[in-house]
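> For reference, the sequence and a predicted model appear below.
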Amino acid sequence: MSGVGVGRASSVFIGRSLRHSLRDGEGLLMAIALPVIMLLMFTFVFGGAIQAEGYVDFVVPGVILVCAGFGASSVAVSVNRDITRGAMRRFRTMPIPSATALSGHVVASVIRNLVATAIVVAVAIGIGFRPTTDPLAWLGALLLVTGWILAITTLFAFLGMVSSSPEAANGYGFALLFLPYLSSAFVPIETMPAILQPIARHQPVNPLVESIRGLLVGGEAPLSASITWCVGITTVALVLIVWRFGRDRDR
Amino acid sequence: MSLPIEVTHLAKTYREPVLTGLDLRISGGVVALLGANGAGKTTLVSILTTLVRPDSGTARICGHDVVRDRAAVRRRIAATGQEATLDDLLTGRENLVMMARLHGLSAPRERAAELLEQFDLTAAAGRVVGTYSGGMRRRLDLAASLLAPAEVLFLDEPTTGLDPISRRQVWEDVRERAKAGTTVLLTTQTLDEAEALADRVVVLRQGQIVADGTAASLAARVGGPRLVFCDADGQEVHSIDTDGSAAAVASALRSWTLQPGSDDALRVNLRTPTLDDAFVALTGEEVAA
């Protein structure tokens, strides 16, 4: 048996994970329908009470980040299923770099999330979202969203590795999905209780929301904090994955 | 020439010692590894398939060390785990094509089609594996491990949960593979499987080999044929050792004094020890513990 290298194995595993996405109708529906429903709900149901006009412009960046979280959490389940149901055991006995099975899940999730994000933005424009920006800023926003999706997906992949079952993996991920609510994604931070304001201001989602909002509709864009969070989370998650992957060999 | 499997003083401890200085040399054929739960079978196979590192000792596959030369070992082995490790969301064909691509085979689709045909799965090839029966999953799993030519094949309880016909099919496939020159190491709890397939049976107990030989030679270790008297419920009430000859059986029957009334319903059988008996005798202490 000759086996294949990193490039070939990655492409096989990305293809596998993308097929999973297309076959898993419920997952796909969740990844696309939930953010759209959330966008519509915040704009038409809560929006009027939060801000009289232009709430859609305010809320779209937050919905995009929540959407990234929803989409990424499914990676924890996919990775966990590979580990707990024996697929990873088989990959590890084959002459391939078996960690590429994980990268397949991560890359496929990033692609899936970007598609969902595009749909959300299209719906947002349909209901009155009016970005006042140039192509360079669009590109900047796209890169930031991609960076955040990659960071959170890598983190969820690690959670998938350490969870005892696919259900538990799903549960851990759920906790992380609340981060956007405790930021300026949906309401201005000044309206929160004084004790929550510093937490909301300094957690990773907040600079990202503000940067994406700043790039798309104008205003302050704390880019360096956003990039630092994305790179930091991705790096820490990768280190944890490498550590855990080595350790699993001896369990 | 290097042996397909060569294990020297192999030791592995988790919370408790699992393998304690195991030595094993396998020169080919089908070898069955038997042992009660916790005897060390899975740990041994995990070490040999490069999944787990031993604490001490060495293990070599075709001359390659399983720790230092993992890549070379992986190019020479194929393994199926206890659970069928298939992808439920992919079809049978997609599963095999994916595995064939990972093996770097030049014509993955053609090779997958051959295996599907050989394992009688062509009709179901376009269905997602989630809809397969237990037998079909096992066969596809085995097909996946046979995609690329391997010098050593590890089968961990390959027929658990299969109906008798599917089991025989799997056995036939394993025999063919062995005939073609692949060394097969089979772990199993079902002793008829070891009897049907293995040229050699190795019994593990507490991380050590306690018996090693053909199925017949192991069975013979627990004694010769016995004349067994059973009550109406099939419970053994008395037995007499014989050598199985007509003269010995007749003499044994003459020596038995029938108690009129209470013994009227007794049935008499001539029982030749099976691998089951040997297994219970060889691993019984551990089971009891």
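Received the coordinates, thanks. Please read these numbers as outputs of a predicted model, since none were measured by experiment.
> And the nearest residue to B:Gly29 once chain neighbours are set aside, how far from B:Leu142?
Leaving aside its chain neighbours, B:Gly29 sits nearest to B:Asp199 (3.9 Å; criterion: CB to CB, 6 or more residues apart in numbering or on different chains). C-beta: built from backbone N, CA, C; applies to glycine. Shown here: B:Asp199 relative to B:Leu142, a distance of 20 Å by CB to CB, to the nearest Å.
> what about these two, which has more around it?
Counted by other CB atoms under 10 Å in any protein chain shown, B:Asp199 and B:Leu142 do not tie: B:Leu142 has more neighbours, with 23 against 13.
> That one reaches B:Trp171, doesn't it?
No. Here B:Leu142 does not reach B:Trp171: they are 10.7 Å apart, not a contact under CB atoms under 8 Å.
> Point out the other helices and strands that the top helix by length along chain B packs with.
Looking across chain B with DSSP state H, the single longest helix is helix B:164-179. When contacts are defined as 3 or more CB pairs under 8 Å, 6 or more residues apart in numbering or on different chains; DSSP states H and E, helix B:164-179 packs onto strand B:30-34, helix B:134-145, strand B:152-156, strand B:183-187, helix B:191-197.
> Make TSV out of those and add mean pLDDT and distance to A:Leu159.
Below are the helices and strands packed on helix B:164-179 laid out as TSV (pLDDT from 0 to 100; distance: least, CB to CB, whole Å):
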stretch	mean pLDDT	distance to A:Leu159
strand B:30-34	92	36
helix B:134-145	86	28
strand B:152-156	91	29
strand B:183-187	93	33
helix B:191-197	84	40
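> Same list (the ones you listed) but as TSV, adding distance to chain A.
Output for the helices and strands packed on helix B:164-179, formatted as TSV (distance: least, CB to the nearest CB, whole Å):
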stretch	distance to chain A
strand B:30-34	17
helix B:134-145	8
strand B:152-156	8
strand B:183-187	13
helix B:191-197	20
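> Mind putting these into JSON lines with distance to A:Thr132?
Shown next, in JSON lines, are the helices and strands packed on helix B:164-179 (distance: least, CB to CB, whole Å):
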{"stretch": "strand B:30-34", "distance to A:Thr132": "71"}
{"stretch": "helix B:134-145", "distance to A:Thr132": "55"}
{"stretch": "strand B:152-156", "distance to A:Thr132": "62"}
{"stretch": "strand B:183-187", "distance to A:Thr132": "67"}
{"stretch": "helix B:191-197", "distance to A:Thr132": "72"}
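> circling back: can you tell me which residues contact the residue nearest to B:Gly29?
B:Gly29, B:Val30, B:Val31, B:Thr214 (CB atoms under 8 Å, 6 or more residues apart in numbering or on different chains).
> Contact partners for the second one?
The one in question is B:Val30. B:Val174, B:Arg175, B:Ala178, B:Val184, B:Leu186, B:Leu197, B:Ala198, B:Asp199, B:Arg200.
> Check the secondary structure at residue 60 for me.
In the absence of a named chain, this looks at chain A. Three-state call for A:Val60 (DSSP: H, G, I helix; E, B strand; the rest coil): helix.
> Can you look at chain B instead?
Applying three-state DSSP: B:Arg60 is strand.
> Kindly report the same for B:Val237.
Here B:Val237 is recorded as strand under three-state DSSP.
> picking up where we left off before, what's the angle between the longest helix of chain B and helix B:134-145?
Interaxial angle of helix B:164-179 relative to helix B:134-145 (axes from the mean of the first three to the mean of the last three CA atoms, to 10 degrees): 10 degrees.
> Could you give the separation of helix B:164-179 from the chain centroid?
12 Å (CA atoms, centre = their mean, to the nearest Å).
> related to what we said a few turns ago, ok, of the contacts of B:Val30, which one's closest to B:Ile47?
Using CB to CB, B:Leu186 is the member of the contacts of B:Val30 that lies nearest B:Ile47, at 16.4 Å.
> In this structure the closest one contacts B:Leu34, no?
No. If you go by CB under 8 Å, B:Leu186 and B:Leu34 don't touch, sitting 9.5 Å apart.
> More neighbours: which of the two?
Legend: neighbour count by other CB under 10 Å for B:Leu186 and B:Leu34, higher for B:Leu34 (29 against 24).
> Okay, and the beta partners of the residue lying closest to that one once chain neighbours are set aside?
Using CB to CB, 6+ apart and skipping residues adjacent in sequence, the residue nearest B:Leu34 is B:Val203, 4.8 Å away. Beta-bridge partners for B:Val203, by DSSP bridges, are B:Leu34, B:Ala211.
> Tally up the residues packed near B:Val203, please.
25.
> dump the residue contacts of it.
B:Leu34, B:Gly35, B:Ile209, B:Val210, B:Ala211, B:Asp212, B:Leu218, B:Ala278, B:Phe279, B:Leu282, B:Thr283.
> Please see if stretch A:73-81 touches chain B.
No. Stretch A:73-81 lies apart from chain B when judged by CB under 8 Å from any CB of the partner chain; the minimum separation is 8.7 Å.
> and A:Ala157, what helix or strand is that in?
Using DSSP states H and E, A:Ala157 sits within helix A:135-162.
> Tell me the helices and strands packed up against that helix.
helix A:55-84, helix A:100-126, helix A:166-176, helix A:205-217, helix A:223-248.
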